[in-house]
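**Student:** Have a look at this fold, sequence not included:
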Ligand SMILES: [Zn+2]
C-alpha cells in the first residue's frame, strides 16, 4: 500500500510533468472504483488546464482552470503511469482504468488492480471542505505538528500510543510502517498507554515521525531517479526498515531480537530492549 512518502513522491513527479498543461482527451474504462468515478468525469475534465498539483494526507489534489479539479487516491494498489510524448500509444494493461492525454502528447494512466483507490471531481475552491478531506488532522511535516499536539490528544487515553498516532484525526499519513519506525526511533514502547506519554516523550515522538517520513521521501526520490519502469509508472519503493517486517532479526542498535505483536489487527514490530 502506498504510504505518505510514496504519495508525496508521486505528487511531486506529477506536478513536475503535468502542471500548466491542458487535458486534450479523457477516457474512463472502469467507473467502479472504491468511490465510483462520477459519470460526468470525462466531460468535466476534457479541455481543462492543470494549474496545480499538491498533496493532502494521501490524497493528490489536482486544481484546474475549470469549475472542478480532481482528487486522486491510490488506495491499496494504485499507480500513476506517465509517458511523455511516446512515439506510439502505450500498450493498454488490464487494470488501466482512466486515461488522460494532454495537448503536448503526454499520456497519463491510472492503474489499480484492487480498485480501492478513487478519482473524484471536486470544486476547485472546495478541496479542504470536501467530505473525504474534512476530518483530517495535522500534516506531519508541517510546522503545526508539534509534540504538544500529540500530548494533548493522548493525555486521557488508555489506548496504546501506536494506535493513537495512527488516528488520522490527530495526524495524517502515519501508517503502520511509519508508526513502527517512528516509535523505534523515539525509543517508545508501542504498547505504552497514551496517558503515560510525557511532554518530553511526545516531543521526541513528534521529531521521530518527521524524521522517518522525511528520510523515506528522500530515499524514495532517489530510488525513483535511479529506477524507472519502462511504462513510466511511479510505483512503490522498498528499502531497509529498522523494525518493520524484521521479526526475529537483530536490532540495529542493541542486537536484541525484534518482536512482532498484533495491535488493533495490525502487526507491530519493535525492539523490547530499546523500546521500554
Ligand atoms: Zn534494540
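**Tutor:** Cool, the structure landed. Note that this is a predicted model, so its numbers are computed, not measured.
**Student:** who does the helix or strand where residue 215 lies touch, helix- and strand-wise?
**Tutor:** Per DSSP states H and E, residue 215 falls inside helix 199-226. Applying 3 or more C-beta pairs under 8 Å, 6 or more residues apart in numbering; DSSP states H and E, we find helix 199-226 packed against helix 4-18, helix 147-154, helix 161-165, helix 176-185. The C-beta positions use only the backbone N, C-alpha and C, and glycine is treated the same way.
**Student:** starting at the chain centroid, how far to the longest one?
**Tutor:** Think helix 4-18. Offset of helix 4-18 from its chain centre (C-alpha atoms, centre = their mean, to the nearest Å): 10 Å.
**Student:** Stretch 259-276 now?
**Tutor:** In terms of C-alpha atoms, centre = their mean, the centre of stretch 259-276 is set 23 Å apart from its chain centre.
**Student:** That stretch and the ion, any residue contact?
**Tutor:** Yes - Stretch 259-276 lies within reach of the ion by C-beta under 5 Å from the ion, at 271, 273, 274.
**Student:** got a list of what residue 257 touches?
**Tutor:** Applying C-beta atoms under 8 Å, 6 or more residues apart in numbering to residue 257 gives the contacts 247, 248, 249, 250, 251.
**Student:** Can you flag the buried ones in these?
**Tutor:** Burial by neighbour count, judged by 16 or more other C-beta atoms under 10 Å, picks out residue 251 from the contacts of residue 257.
**Student:** so which of the contacts of residue 257 also contact the ion?
**Tutor:** Among the contacts of residue 257, the ion is touched by residue 251 when using C-beta under 5 Å from the ion.
**Student:** Which one of the contacts of residue 257 is nearest to the ion?
**Tutor:** Distance to the ion across those (C-beta to the ion) is lowest for residue 251, with 3.1 Å.
**Student:** what about the spatially closest residue to that closest one that is not a sequence neighbour, neighbour count?
**Tutor:** Of all residues not flanking residue 251 in the chain, residue 271 sits nearest, at 4.1 Å (C-beta to C-beta, 6 or more residues apart in numbering). As a burial measure, residue 271 scores 24 neighbours (other C-beta atoms under 10 Å).
**Student:** For residue 181, see how far away residue 246 is.
**Tutor:** Noted for residue 246: a distance of 10 Å to residue 181, by C-beta to C-beta, to the nearest Å.
**Student:** Around the ion, pick out the residues from the protein.
**Tutor:** Residues of the chain lying close to the ion by C-beta under 5 Å from the ion are 251, 253, 254, 256, 271, 273, 274.
**Student:** quick one: low-confidence parts of this structure?
**Tutor:** 221-239 (pLDDT under 70).
**Student:** wait, residue 64 sits on residue 70?
**Tutor:** Yes - shown here, residue 64 and residue 70 form a contact pair, counting by C-beta atoms under 8 Å, at 7.5 Å.
**Student:** tell me, what's touching these two both at once?
**Tutor:** In contact with both residue 64 and residue 70: residue 45, using C-beta under 8 Å, 6+ apart.
**Student:** who's more crowded, those two?
**Tutor:** Just comparing residue 64 and residue 70: by other C-beta under 10 Å the higher neighbour count belongs to residue 70, 24 against 20.
**Student:** What are the boundaries of the strands in this protein?
**Tutor:** With DSSP state E applied, the chain shows strands at 23-28, 50-56, 59-64, 68-73, 79-83, 96-102, 107-111, 118-123, 233-234, 259-263, 266-270, listed in chain order.
**Student:** what's the angle between the third one and helix 4-18?
**Tutor:** Right, the one you point to is strand 59-64. Put simply, strand 59-64 runs at 20 degrees to helix 4-18, going by axes from the mean of the first three to the mean of the last three C-alpha atoms, to 10 degrees.
**Student:** How about the second one?
**Tutor:** Regarding strand 50-56 and helix 4-18, their directions subtend 170 degrees when assessed with the same axes, to 10 degrees.
**Student:** Can you give the contact residues for stretch 118-135?
**Tutor:** Against stretch 118-135 from outside (C-beta under 8 Å, 6+ apart): 33-35, 37-38, 40-41, 44-45, 56-57, 59, 61, 63-64, 66-73, 75, 98, 110, 168-169.
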